[in-house]
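Novice: could you look at this predicted model? Sequence included:
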Amino acid sequence: MNFALPLVPFFPRHARFVFPAPARYARPTRNLPNRSCLDLGNAQGLTITCLRGAIWLTHDGDPKDVVLEAGQSHTVTRAARLIAQGLEDAELRAD
């Protein structure tokens with residue numbers, strides 16, 4: 001006696017499938033042309049990373065400024081408006 005079995009793939013319950021994240025979930029970056037400014041608002045808790053070029057960061061009311069070059073990052077600890085200015089054509093990411 002022959003029994004015909006349906007051709008259904010069998011996957012054990014413990015099998016996990018990992019798919020790469022779509023491009024829309026990639027962290028967005030922002031181009032910052034030379035001498036242009038970007039108002040990041042209250043960026044407390046964010047980490048600003050300079051991916052290319054150089055960026056000058058300044059907080060309202062804080063005399064200390066931060067200059068980031070390619071590959072450097074800065075974690076914002078103040079609850080004040082943050083302004084980023086491109087010292088040359090730059091690219092930044094805020095996580």
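Specialist: Received the coordinates, thanks.
Novice: so what pLDDT did residue 28 get?
Specialist: At residue 28, the model reports a pLDDT of 81.
Novice: can you get me a residue count around the residue lying closest to it once chain neighbours are set aside?
Specialist: Distances taken as CB to CB, 6 or more residues apart in numbering place residue 93 nearest to residue 28, at 7.3 Å, with adjacent residues excluded. (Glycine included, C-beta is placed from N, CA and C.) Using other CB atoms under 10 Å, residue 93 is surrounded by 16 other residues.
Novice: please report how far residue 93 lies from residue 37.
Specialist: Going from residue 93 to residue 37 by CB to CB, to the nearest Å gives 17 Å.
Novice: ok, residue 70 next?
Specialist: Taking CB to CB, one finds residue 70 at 19 Å from residue 37.
Novice: neighbour count: these two, which is higher?
Specialist: Using other CB under 10 Å as the criterion, residue 70 and residue 37 rank with residue 70 on top: 14 against 11.
Novice: surely that one is in contact with residue 52?
Specialist: Yes. Taking CB atoms under 8 Å as the definition, residue 70 is a contact partner of residue 52 at 5.4 Å.
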